[in-house]
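Trainee: Dropping a prediction and its sequence here:
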Amino acid sequence: MINRTEKFLKIGNAIKDGTDFIILAHTNPDGDAVASVLAMGLILHQLDKKFTMVLPDPVPREYLFLPGVSDIEITRELPENIETLIILDCGDVKRIKFFSDAIEKAKTVINIDHHYSNNGYGDLSFIDQESSSVTEILFELFEYHNYPLTREIAICLYTGILTDTGSFKQENSTAKCHFIVSKLLKFQIKPNEIYSIVYEQFTFNQFKLLELGLSTLEMFEDNSIAVIHFDNEMFLKTETQYTDVSEFINFIRLIKDLKVAVICKQMKSGDFRVSMRSKSKIDVSKIAFSFGGGGHPQAAACTIPGKIDEVKQKILLKIKEFIN
């Protein structure tokens with residue numbers, strides 16, 4: 001059982017006593033990562049603190065509307081002297097591999113997360129596997145300390161919760177999660193507009209890319225596993241990029257009687273980022289973890305090197321272990 005009061009007090013004291021902060025999240029940031037970095041930055045701004053928001057990879061296009069996003073620095077280098085380092089939504093230090101040295105150099109490291117793979121690294125950590133998202137945890141932290149919330153902060157928190165619950169479709173969309181959302185709605189945010197910006201802004205080129213990806217669709221294990229892939233040639237042909245694939249897995253999840261949906265996306269390095277979604281009791285985070293990745297029981301990802309046929313064979317063999 002998490003001692004929320006004790007941990008929130010210690011984190012609050014570190015924020016109160018700190019003067020210079022760096023806030024960062026994991027590589028290939030998703031909605032919760034981007035939104036939590038921004039929400040923390042906006043709170044530190046309200047508290048008149050000096051801070052820098054950092055991400056190692058660009059913000060996906062669908063999150064560029066979030067307040068303060070233009071102030072995020074996209075870099076893989078941090079200064080030598082770090083007073084307080086706040087790491088959000090990062091279940092394993094490997095997911096911030098470019099900044100691993102910073103954890104050792106920083107005077108204080110605060111680790112806030114909701115992945116069960118998180119071992120509690122850092123000087124202060126708050127890990128709650130029952131929370132839908134880091135943005136949900138941040139709302140509780142901010143409320144506990146009576147930090148001054150604004151509509152901009154509420155937009156960030158809502159977006160993080162929305163995306164990490166799969167638009168409130170996943171099991172992590174709990175009563176507590178909805179209760180927090182009800183409080184955020186009091187800030188006059190517009191859920192329909194946020195949903196539309198995040199999920200309904202596909203370009204024509206993205207649809208051409210989706211068409212190519214769907215042509216690779218393969219079904220396995222009596223149609224209980226669906227796999228599609230996207231390679232660099234497809235991105236070049238459709239004038240798209242790796243990040244344009246992020247929401248395509250939701251189309252695959254629509255298949256009746258499906259247990260696991262898989263999308264393999266080739267990165268510039270040539271390796272494939274494998275994203276999985278579970279529509280069953282299969283815990284895809286355990287599958288991802290076996291390849292050095294992570295995530296949640298219903299949504300997880302990992303990186304696998306090799307040609308696409310090799311990658312698919314590896315991931316399928318592992319999934320079948322959990323089905324059979």
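Mentor: Right, received. Where do you want to start?
Trainee: Spatially nearest residue to Phe98, not counting backbone neighbours?
Mentor: Nearest non-adjacent residue to Phe98, counting by Cβ to Cβ, 6 or more residues apart in numbering: Arg76, 4.0 Å away. In short, each C-beta sits where N, CA and C put it, glycine included.
Trainee: Contacts only, for the one you found.
Mentor: Applying Cβ atoms under 8 Å, 6 or more residues apart in numbering to Arg76 gives the contacts Pro56, Phe98, Phe99.
Trainee: Identify those among those that sit within strands.
Mentor: Within the contacts of Arg76, no residue falls in strands by DSSP state E.
Trainee: To which secondary structure element is the residue lying closest to Gln46 once chain neighbours are set aside assigned?
Mentor: Excluding its sequence neighbours, the residue lying closest to Gln46 (Cβ to Cβ, 6+ apart) is Pro148, at 4.8 Å. Pro148 belongs to no helix or strand when assigned by DSSP states H and E.
Trainee: what are the phi and psi angles of Pro148?
Mentor: Phi and psi for Pro148, reported as degrees, to the nearest 10, are phi -70, psi 100.
Trainee: give me the number of residues near it?
Mentor: If you count neighbours by other Cβ atoms under 10 Å, Pro148 ends up with 10.
Trainee: what does Gly295 give?
Mentor: 24.
Trainee: Same question for Phe235.
Mentor: Residues near Phe235, counting by other Cβ under 10 Å, number 21.
Trainee: what's the helix or strand for it?
Mentor: Per DSSP H and E, Phe235 falls inside helix 232-238.
Trainee: Just give me the neighbour total for Lys318.
Mentor: Counted by other Cβ under 10 Å, the residues lying close to Lys318 total 17.
Trainee: which residues does it contact?
Mentor: Ile287, Ser290, Phe291.
Trainee: Tell me where the model's unsure across the protein.
Mentor: Low-confidence segments of the chain (pLDDT under 70): 1-2, 324.
Trainee: how does it divide up, domain by domain?
Mentor: 4-198, 204-323 (automatic domain parsing).
Trainee: Tell me the secondary structure of the residue of the chain positioned farthest from its centre, please.
Mentor: Ranked by distance from the centre of the chain (Cα atoms, centre = their mean), the top residue is Asp222, with 30.9 Å. Under the three-state scheme (DSSP: H, G, I helix; E, B strand; the rest coil), Asp222 adopts coil.
Trainee: So it versus Leu258, what's the distance?
Mentor: To Leu258, Asp222 is 11 Å away according to Cβ to Cβ, to the nearest Å.
Trainee: residues in contact with Ala33?
Mentor: With Cβ under 8 Å, 6+ apart, Ala33 has these contacts: Ala25, His26, Leu55, Leu88, Asp89, Val134.
Trainee: Now it. Nearest residue, chain neighbours left out?
Mentor: Nearest non-adjacent residue to Ala33, counting by Cβ to Cβ, 6+ apart: Ala25, 3.7 Å away.
Trainee: backbone phi and psi for that neighbour, please?
Mentor: Backbone torsions for Ala25, taken as degrees, to the nearest 10, come to phi -140, psi -170.
Trainee: sorry, back to before: neighbouring contacts of the helix holding Phe235?
Mentor: For helix 232-238, the surrounding residues in contact (Cβ under 8 Å, 6+ apart) are 205-206, 208-209, 212-213, 240-242, 244, 266, 268, 270.
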